[in-house]
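Peer 1: got a sequence here, can you build the structure:
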Amino acid sequence: MSELIIQTDGLKKYYILGSETVRALRGVNIEINSGEFVSIMGPSGSGKSTLMNLIGCLDTPTEGQYWLNGIQVSDLSDDDLARIRNQEIGFVFQTFNLLPRATALHNVELPLIYAGVGAKERRQRAKEKLELVKLGDRMDHRPPELSGGQRQRVAVARALINNPALLLADEPTGNLDSVTGEEMMAVLVDLNNSGQTIVLVTHEKDIAAYSKRQIHLHDGIVSKDFLHDKAGVQA
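Peer 2: Below is the predicted model of the structure:
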């Protein structure tokens with residue numbers, strides 16, 4: 001039996017904007033198992049970004065409960081949420097969020113520096129993650145010396161440095177051309193094939209097609225949740 005990584009029960013998120021209440025999520029129930037590759041899709045205003053923020057422990061729900069890797073995180077304090085984010089989740093964003101003057105190796109090392117890991121161990125772990133995303137020959141290059149796809153792979157290596165239970169990718173191909181985007185998705189497929197749980201937020205059907213399961217949101221609720229056969233096609 002697969003281990004649940006994500007479980008939500010009646011997840012709701014409301015925002016007060018002046019005299020108006022925006023119901024971004026209106027009761028979301030999802031379960032995602034360890035080792036799955038899931039895309040969350042939906043048009044602008046569907047609630048997918050709000051759900052990503054809740055899954056990533058960047059925000060807390062108005063109502064409902066959320067368990068991440070067996071831990072009920074929906075009621076945790078900000079400090080506890082920060083600890084869970086650091087330990088359980090690796091983030092990959094549309095913008096690469098790399099330090100331009102630091103080498104690829106140093107960018108990947110950063111989370112371990114903040115965690116107090118010794119220099120020798122963190123360098124070794126950073127090298128291993130860069131080799132995993134096929135950038136072993138670019139470790140000493142700085143972001144301006146790398147292509148967009150290479151920069152995003154550095155960001156993926158950094159997201160994996162703490163061996164997170166969940167890799168959360170928010171529009172990871174949004175700043176890449178179509179060919180480089182396909183190369184990026186091939187990296188994610190390889191990671192998933194090696195056992196990494198991945199949740200991908202996207203509005204692009206061709207990108208979502210790389211995942212093995214799609215969850216579609218509409219007006220703050222799940223409208224479709226299905227597996228599909230043509231997942232994981234490599235470029």
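Peer 1: longest helix in the chain, please.
Peer 2: For the chain, the helix that runs over the most residues, judged by DSSP state H, is helix 178-193.
Peer 1: so how far is it off the chain centroid?
Peer 2: Remark: helix 178-193 is offset 14 Å from the chain centroid, using C-alpha atoms, centre = their mean, to the nearest Å.
Peer 1: output it as CSV, nothing but the C-alphas.
Peer 2: Extracted in CSV, the C-alpha atoms of helix 178-193 (Å, rounded to 0.1, in the frame of the first residue of the first chain):
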residue,chain,number,x,y,z
SER,A,178,9.4,25.0,-25.9
VAL,A,179,12.5,22.9,-26.6
THR,A,180,14.2,23.8,-23.3
GLY,A,181,10.9,23.2,-21.5
GLU,A,182,10.7,19.7,-22.9
GLU,A,183,14.3,19.1,-21.6
MET,A,184,13.3,20.4,-18.2
MET,A,185,10.3,18.1,-18.1
ALA,A,186,12.5,15.2,-19.1
VAL,A,187,14.6,15.9,-15.9
LEU,A,188,11.4,15.9,-13.8
VAL,A,189,10.3,12.6,-15.4
ASP,A,190,13.7,11.0,-14.6
LEU,A,191,13.4,12.2,-11.0
ASN,A,192,9.9,10.8,-10.6
ASN,A,193,11.1,7.5,-12.2
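Peer 1: show me which residues of it are buried.
Peer 2: Neighbour counts over helix 178-193 (16 or more other C-beta atoms under 10 Å) mark 180, 181, 182, 183, 184, 185, 186, 187, 188, 189, 191, 192 as buried. C-beta here means a position set from N, CA and C on the backbone, and glycine is covered the same way.
Peer 1: quick check, central residue of this structure?
Peer 2: Residue closest to the mean C-alpha point of the chain, counted by C-alpha atoms, centre = their mean, is residue 168 at 1.0 Å.
Peer 1: which helix or strand contains it?
Peer 2: strand 166-170 (DSSP states H and E).
Peer 1: contacts for that strand next, please.
Peer 2: For strand 166-170, contacts defined as C-beta atoms under 8 Å, 6 or more residues apart in numbering pick out 5-6, 49, 52, 55-56, 68-69, 88-94, 156, 159-160, 188, 191, 196-201.
Peer 1: direction included, what does that strand pair against?
Peer 2: In the sheet, strand 166-170 lines up against strand 89-92 (parallel), strand 197-201 (parallel) (DSSP bridges).
Peer 1: for residue 164, which of these is the nearest?
Peer 2: Residue 164 lies closest, by C-beta to C-beta, to one member of the strands paired with strand 166-170: strand 89-92, at 4.0 Å.
Peer 1: mind exporting the C-alpha coordinates of the closest one to PDB?
Peer 2: C-alpha atoms of strand 89-92 as PDB (Å, rounded to 0.1, in the frame of the first residue of the first chain):
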ATOM      1  CA  ILE A  89       9.400  20.400   0.600                       C
ATOM      2  CA  GLY A  90      11.700  21.400  -2.300                       C
ATOM      3  CA  PHE A  91      10.400  24.400  -4.300                       C
ATOM      4  CA  VAL A  92      11.000  25.100  -8.000                       C
END
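Peer 1: elements contacting the next helix-or-strand element following that strand?
Peer 2: The helix or strand immediately downstream of strand 89-92 is helix 104-114, counting by DSSP H and E. Applying 3 or more C-beta pairs under 8 Å, 6 or more residues apart in numbering; DSSP states H and E, one finds that helix 104-114 contacts helix 119-132, helix 148-160.
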